[in-house]
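Undergrad: only geometry, no sequence info:
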């Protein structure tokens, strides 16, 4: 498996370098969560731009374990890192919204949950603009297929270098890149509320989505769940429709 992973990594690194250069930018900024996807994206960007890649840790009611894992990733990859604490900004915005007479909901309300990734997106674009970099996303093919991302949140990026890899392939690439095993095998979670996991929220495993995409065996229930999510979230994958007037 080492040779295929070596070629895969080299191809993605070359692609990142080409996309950044054609945009007239100098490097890459990656939001580092402590999960495997952002770790792999950061490591590939570091190979493409060794002196012009930065990671940004964006805690917002984040667990101590996730923060520790994010720091571990930065140290392992060996890139400069910034930490921007967004908890107070998040709370202030919710207070302002509530002050305007709008119900903010509980910690699992979709409108409230999606505020965190949208604040992170705005921060990453600020950093990228200051440095002359592009914002590199961490979404993989399994997530993109079912629309498991926040529109104009973690979906608001300039590049998606992992967008053609299913979750299992991202893990294989992570091992090839020498990332810590605890990061590779960590249960995927967006950290949207305490105890939240990706698979629990989606109602289907990454293994099933991977199999669906790669021609493997999935149960009728899993297939229905995946295809229903695709239909419901299809709008996330398209640009806003424009009303063309004659």
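TA: Cool, got the structure. The model shown is predicted, which means the values in this text are computed figures rather than measured ones. Residues are numbered from 1 along each chain as shown.

Undergrad: Which strand or helix spans residue 29?
TA: In this assignment (DSSP states H and E), residue 29 forms part of strand 27-31.

Undergrad: helix or strand right after that strand?
TA: Following strand 27-31 in sequence, per DSSP H and E, is helix 36-48.

Undergrad: Return the distance of that next one from the chain's centre.
TA: On the basis of CA atoms, centre = their mean, to the nearest Å, helix 36-48 sits 11 Å off its chain's mean C-alpha point.

Undergrad: if we look at it, which residues are touching it?
TA: Contact with helix 36-48 is made by 9, 12-14, 16-17, 20, 27-28, 30-32, 53, 55, 73-74, 76-79, 136-140, 161-162, 170-171, 173-174, 177, 179, 183-184, 186, 188, as judged by CB atoms under 8 Å, 6 or more residues apart in numbering. Placement of C-beta: from N, CA and C, glycine included.

Undergrad: could you check the angle strand 27-31 makes with it?
TA: 160 degrees (axes from the mean of the first three to the mean of the last three CA atoms, to 10 degrees).

Undergrad: Span of stretch 140-152 from start to end?
TA: 16 Å (CA to CA, to the nearest Å).

Undergrad: How is the most centrally placed residue in the chain assigned, secondary-structure-wise?
TA: The C-alpha lying nearest the average C-alpha coordinate of the chain belongs to residue 138 (CA atoms, centre = their mean; 3.5 Å). The three-state label given to residue 138 by DSSP: H, G, I helix; E, B strand; the rest coil is coil.

Undergrad: so what's it up against?
TA: 30, 31, 33, 35, 37, 38, 40, 41, 154, 162.

Undergrad: all strands for this structure, in order.
TA: 27-31, 53-57, 81-83, 133-136 (DSSP state E).

Undergrad: In the sheet, which strands lie alongside the second one, parallel or antiparallel?
TA: So the one you mean is strand 53-57. Paired strands of strand 53-57, with direction, are strand 27-31 (parallel), strand 81-83 (parallel) (DSSP bridges).

Undergrad: I'd like the average pLDDT over it.
TA: If you average the pLDDT over strand 53-57, you get 98.

Undergrad: which one's the longest helix in the chain?
TA: Longest helix in the chain, counting residues (DSSP state H): helix 2-22.

Undergrad: shouldn't residue 70 be in contact with residue 32?
TA: Yes: contact criterion CB atoms under 8 Å: residue 70 and residue 32 qualify, at 4.7 Å.

Undergrad: so what sits against both of these two?
TA: 55, 57, 81.

Undergrad: Which of the residues you listed ranks first by neighbour count?
TA: Ranked by the number of neighbours (other CB atoms under 10 Å), the shared contacts of residue 70 and residue 32 place residue 55 first, at 26 neighbours.

Undergrad: which ones are touching the nearest residue in space to that residue that is not next to it in sequence?
TA: Spatial nearest neighbour of residue 55, chain neighbours left out: residue 32 (4.1 Å); criterion: CB to CB, 6 or more residues apart in numbering. Contacts here follow CB under 8 Å, 6+ apart; on that basis residue 32 touches 38, 39, 42, 55, 56, 57, 70, 73, 74, 81.

Undergrad: same deal with residue 161?
TA: 12, 15, 16, 41, 44, 45, 136, 137.

Undergrad: what does residue 158 give?
TA: Contacts of residue 158 (CB under 8 Å, 6+ apart): 19, 23, 128, 134, 135, 136, 137.
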